[in-house]
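*Asks:* What shape does this take:
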Amino acid sequence: MTEIADNVLGERPAVDRVLEQSLRDLDIPPRPLIIDRITAEMGSASPNLRYVGQLISVDVSLAAGLIKTANSPYFGFRNRARSVHEALLMLGLDVTSRAVAAISLRQALPNNGQLERFWGASAQIAVLSSWLAQQTANPRLHAGDAYTYGLFRDCGIAVLLIRLPAYRQTLESANANTDLGFTAVEQQDFRTDHAMVGCLLAQNWWLPEEICLAIRHHHDRSAIDFFDSGLPASSRYLVAASQTAEHIVQQLTGGSRTQEWSKLGSSCLRLLRLAASDLPELYRGAEAVLATVD
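*Replies:* Numbering: from 1, shown residues only. Model (predicted):
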């Protein structure tokens, strides 16, 4: 998919082949076997939910994570899931497969204090992205996709933090830079960036193409600004929702600040058909949404 995406967006595949080799050297977490098995079951004429539930139940932490996901206030189910099978019935196979991917990603990366904060911020952005999708009622922006995208959008940062000790300083520089694009700062130091790493991981983990492309180009203003950029409309809307969600999180929590809203904010608001004057009302509504994220 990577070369296809590059051809669509007018980039040079030869350069990407060099980058892909360097990314392989980073040891991107391999796709868990359970994702293959669930995907195969989803592709069958009559998916066997009980079999999928058995696959998930083998991994105690995965099973607990799925039940916790189903019982999250975000989904708002009246009844609480007490088993993997009940969680699967409540969530459905598609949402379950993406939840399994998100839980597996956290399992695949070492657990430390910094990544715990990272996953917490990702969860907040994911929930708010989904909420914004519902608020804007854009037929090309689906709440479930926005949620999944929010969880995976910056997964490349987590990989680079673990694989490259020097990346922490680069990340701080990219967050603070008011002139260069975020990924341009990363490219200066490592000849790659978290958007490329995240896209390749999402691609390898069989996430939908529009999500992979949105991860790849979420710091590229020209790609989200212009209809003729080649980036699918659904990907552009995902970027807009998540960037707006991140801005809201930063405003409400005082968390890690970046310069990305000053670079991309106007484009995101335009895509979502929002005005800057709409933001105070969104801040108020988002406070209640963030209260549901544990």
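
*Asks:* going forward, measure contacts and count neighbours with C-alpha atoms only.
*Replies:* Fine.

*Asks:* Can you check the pLDDT for Ala108?
*Replies:* Note on Ala108: pLDDT of 89.

*Asks:* Could you do Leu271 as well?
*Replies:* 93.

*Asks:* Over to Ala64?
*Replies:* Model confidence at Ala64 (pLDDT) stands at 95.

*Asks:* give me every residue that touches it.
*Replies:* Contact analysis of Ala64 by CA atoms under 8 Å, 6 or more residues apart in numbering lists Val84.

*Asks:* roughly how far apart are it and Thr192?
*Replies:* 35 Å (CA to CA, to the nearest Å).

*Asks:* repeat for Ala166
*Replies:* In terms of CA to CA, Ala166 sits 13 Å off from Thr192.

*Asks:* Looking at the two, which one has more neighbours?
*Replies:* Counted by other CA atoms under 10 Å, Ala166 and Thr192 do not tie: Thr192 has more neighbours, with 21 against 13.

*Asks:* Am I right that that one is in contact with Glu186?
*Replies:* Yes: between Thr192 and Glu186 there is a contact under CA atoms under 8 Å: 6.5 Å.

*Asks:* tell me the contacts of Arg273?
*Replies:* Thr136 are the contacts of Arg273 under CA under 8 Å, 6+ apart.

*Asks:* how far away is the nearest residue to Phe77 once chain neighbours are set aside from Asp220?
*Replies:* Distances taken as CA to CA, 6 or more residues apart in numbering place Asn71 nearest to Phe77, at 7.1 Å, with adjacent residues excluded. Asn71 sits at a distance of 36 Å from Asp220 (criterion: CA to CA).

*Asks:* hmm, back to that, tell me the phi and psi of the residue nearest to Phe77?
*Replies:* phi -90, psi 0 (degrees, to the nearest 10).

*Asks:* Repeat that for Arg191.
*Replies:* The phi/psi pair for Arg191 (degrees, to the nearest 10) is phi 60, psi 20.

*Asks:* can you give me the strands in the protein?
*Replies:* Using DSSP state E, no strands are found in the chain.

*Asks:* hmm, back to that, pull up the per-residue confidence for the residue nearest to Phe77.
*Replies:* 91.

*Asks:* Lowest mean pLDDT among the helices and strands, pick that one out for the chain.
*Replies:* Lowest by mean pLDDT, DSSP states H and E among the helices and strands of the chain is helix 2-8, with a mean of 40.

*Asks:* Run through this structure and note the low-pLDDT ranges.
*Replies:* 1-25, 256 (pLDDT under 70).

*Asks:* burial measure for Arg284, as a count.
*Replies:* Neighbour tally, Arg284, other CA under 10 Å: 12.

*Asks:* swap that for His247, sorry
*Replies:* 22.

*Asks:* right, and it touches Gln259 too?
*Replies:* No: if you go by CA under 8 Å, His247 and Gln259 don't touch, sitting 9.8 Å apart.

*Asks:* so where do the helices sit in the stretch 151-294 of the chain?
*Replies:* Listed in chain order, the helices of the stretch 151-294 of the chain (DSSP state H, counting those that start in this stretch) span 155-163, 167-176, 182-190, 194-204, 209-216, 221-225, 233-253, 260-271, 279-290.

*Asks:* scratch that, the stretch 1-150 of the chain is what I was asking about
*Replies:* 2-8, 13-24, 33-42, 49-57, 60-70, 84-91, 93-108, 113-136, 143-152.

*Asks:* hey, which of the ones you listed is tucked in deepest?
*Replies:* helix 143-152 (a mean of 26; mean count of other CA atoms under 10 Å).

*Asks:* Tell me the spacing between the residue nearest to Phe77 and Ala87.
*Replies:* Noted for Asn71: a distance of 8 Å to Ala87, by CA to CA.

*Asks:* overlap in contacts of the two?
*Replies:* By CA under 8 Å, 6+ apart, the residues touching both Asn71 and Ala87 are Ala81.

*Asks:* got the contact list for Glu246?
*Replies:* So Glu246 contacts Ile125 (CA under 8 Å, 6+ apart).

*Asks:* what does stretch 156-174 contact?
*Replies:* With CA under 8 Å, 6+ apart, stretch 156-174 has contacts from 26-28, 109-110, 115, 118, 181-183, 185-186, 189, 193-199, 201, 258.

*Asks:* Sounds good, over and out.
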